[in-house]
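1. Return atomic coordinates for the entry below.
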Amino acid sequence: MTVYLVGAGPGDPGLLTRRGAELLARADVVVYDRLAHPSLLDLAPAGAVRIDVGKAPGRVAMDQDGINATLVEHGRTGACVVRLKGGDPFVFGRGGEEAEVLIGAGVPFEVVPGITSAIAAPAYAGIPVTHRGLSTHFTVVTGHEDPAKGSTDTDWASLARAGGTLIILMGAGRLESIVDLLIEHGRSPDTPVAAVRWGTRPEQATTRATLSTITALGVASPSAIVVGPVAGLDLTWFESRPLFGRTIVVTRAREQSSSLRTRLEELGASVLELPTIEIAPLPVERPAIDRYAWIVFTSVNAVDGFFERGLRDHGLDTRSLGPVQVAAIGPGTTARLGAHGVVPDLIPERSVAESLLEAFPPGLIDDRVLLPRAETARDVLPEGLQRLGYDVDVLPIYRTVTAIPNAAKFEVVHSGAVDAVTFTSASTVNNFCDAVGSLPEPAPLVVSIGPITSAAARERGLTVGVEADPHSIDGLVAALLSALGAPVDR
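-> Here you go, the predicted model:
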């Protein structure tokens, strides 16, 4: 196997390259830096060994010699080793040093480039590093080397005279000395400067100033510091998104959370995934479809399980439905049926069982309904259908089980750093309350997908701040936007 020196990108996990994601998905060992987004570790198999070698001011999990030895040790075992490095491995990432050590040890390696924060952080702050009429070139330099130490490999005098855009990485701790040298060698004190901290991440913060004023504003690490006329441009887009600066908890099962998480992140939120349930598929016997007048679907999980394990695994497809009519509760369920080539014959006005029963036609003699659903669910629907004259067969497709709590994420909730908690079912409410306990004061906004979920929340002592209308993921996002849709001041 090979050691892969993978650039994790500047922070936004969406900027990881496709090749990087493929390698993480089959990694046996992941050796990762502080600047690699934590969610990227979730791309690795559950059983992969994860080794933290991050460095931060005042904290070094492992020095470079230790990192080199770790890569050689695991590389020699034949394991798939991913060395996950912030930004690009060969842009101030010491990837070259690690490659030299691997060559010396006879361990094969591959370099997977990443997007460097030198370009990405300014872009996310609305600063182009080149711009017609302002800058025809840019220079990237490390500020980690102390310019006041007496001798330096960095020619600050030449950089001051070079004009264009100067991008300084790892320079926050020595910014005062750097500024003094740039002004001493010809850069105007009025030159625009922008410091982009945690660039491309939800906690990004941009400080705008000039060379003469920037040092008084407390620039902190990690920051990409942009010096030059382009730093005076303000083409802000990332920090102006409606949920920027907000932290939202998603309690859906991990199998279901991606669409909601993506929507919230696109709106600027920092998403804390805290799945309180897991979906456990159940084996499904071949259904005798021709016995039924109706099949009623109440969730996406029921749709997928029925078509995959109830039909496909038994050599059947949608043509097997024949004249059977199909009802669906909710737009998500309807959309998933459409993905399987089925258009429902009945969709209730509201996404609850009670609304379906109001719209459902009375049954004729011997009419039967098949109800694929969770192993444990409310009895409102089968009992209501029976009152309408139907024989009802409940077909368990999956069960929901309590997810293993993540203590570190619970601490974030208790810290008061969370703006909202979203619930998409009664089971997410109950499992969340069992695991987390009481919410801090002032409590985060509680967002519910519908009345059944809201009732469960109130029974557990939660105050529901807003309920989705319609009762869908789109409705939940819209309700959240209405309640919190203004970026917080940084």
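2. Where does pLDDT dip in the protein?
-> 56-59, 146-152, 254-257, 405, 486-490 (pLDDT under 70).
3. ok, now with 80
-> Residues of the chain that meet the criterion pLDDT under 80 lie in 1, 35, 55-61, 145-153, 253-259, 276-277, 402-408, 485-490.
4. so which helix or strand takes in the residue of it positioned farthest from its centre?
-> No residue in the chain sits farther from the centre than Ile365, which is 51.3 Å out by Cα atoms, centre = their mean. Under the criterion DSSP states H and E, no helix or strand holds Ile365.
5. I figured Gly475 was touching Ile449, is that so?
-> Yes. Using Cβ atoms under 8 Å, Gly475 is in contact with Ile449, at 7.3 Å. For glycine as for every other residue, the C-beta is placed from the backbone atoms N, C-alpha and C.
6. Neighbour count: these two, which is higher?
-> Taking other Cβ atoms under 10 Å, Gly475 and Ile449 do not tie; Ile449 has more neighbours (27 against 18).
7. who's in contact with Ala457?
-> Ala457 makes contacts with 423, 429, 446, 448, 464, as judged by Cβ atoms under 8 Å, 6 or more residues apart in numbering.
8. Among the residues you listed, which lie within strands?
-> Among the contacts of Ala457, the ones falling in strands (DSSP state E) are 423, 446, 448, 464.
9. would you turn these into a markdown table with distance to Thr400 and neighbour count?
-> Formatted as a markdown table, those follow (distance: Cβ to Cβ, whole Å; neighbours: other Cβ atoms under 10 Å):
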| residue | distance to Thr400 | neighbour count |
| --- | --- | --- |
| Phe423 | 13 | 28 |
| Val446 | 20 | 22 |
| Ser448 | 17 | 29 |
| Val464 | 21 | 18 |
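10. my read: Leu217 touches Ala209, true?
-> Yes. Between Leu217 and Ala209 there is a contact under Cβ under 8 Å: 5.7 Å.
11. Give the residues shared as contacts by the two.
-> In contact with both Leu217 and Ala209: Ala195, using Cβ under 8 Å, 6+ apart.
12. Can you pick out the residue with more neighbours from these two?
-> With neighbours defined as other Cβ under 10 Å, Leu217 and Ala209 compare such that Ala209 has more, 17 against 13.
13. picking that back up, now distance to Ile248 too, for the contacts of Ala457, in TSV please.
-> Formatted as TSV, the contacts of Ala457 follow (distance: Cβ to Cβ, whole Å):
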residue	distance to Ile248
Phe423	12
Val429	16
Val446	12
Ser448	14
Val464	16
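14. Need the max-distance pair from these.
-> The largest separation in these, counting by Cβ to Cβ, is between Val429 and Val464 at 9.8 Å.
15. Quickly list what's touching both of Gly475 and Ile449.
-> By the contact definition Cβ under 8 Å, 6+ apart, Gly475 and Ile449 are jointly contacted by Ala468.
16. residue contacts, Asp317?
-> Per Cβ under 8 Å, 6+ apart, neighbours of Asp317: Leu311.
17. and if you look at Val6?
-> 19-20, 23-24, 82-85, 89, 112, 114.
18. cool, Gly465 as well?
-> Listed by Cβ under 8 Å, 6+ apart, the contact set of Gly465 reads 420, 445-447, 483.
19. Which elements pack onto the strand ranked longest in the chain?
-> Longest strand of the chain, by residue count under DSSP E: strand 391-402. Strand 391-402 sits against strand 277-281, helix 300-305, strand 368-374, helix 380-387, helix 426-436, with contacts defined as 3 or more Cβ pairs under 8 Å, 6 or more residues apart in numbering; DSSP states H and E.
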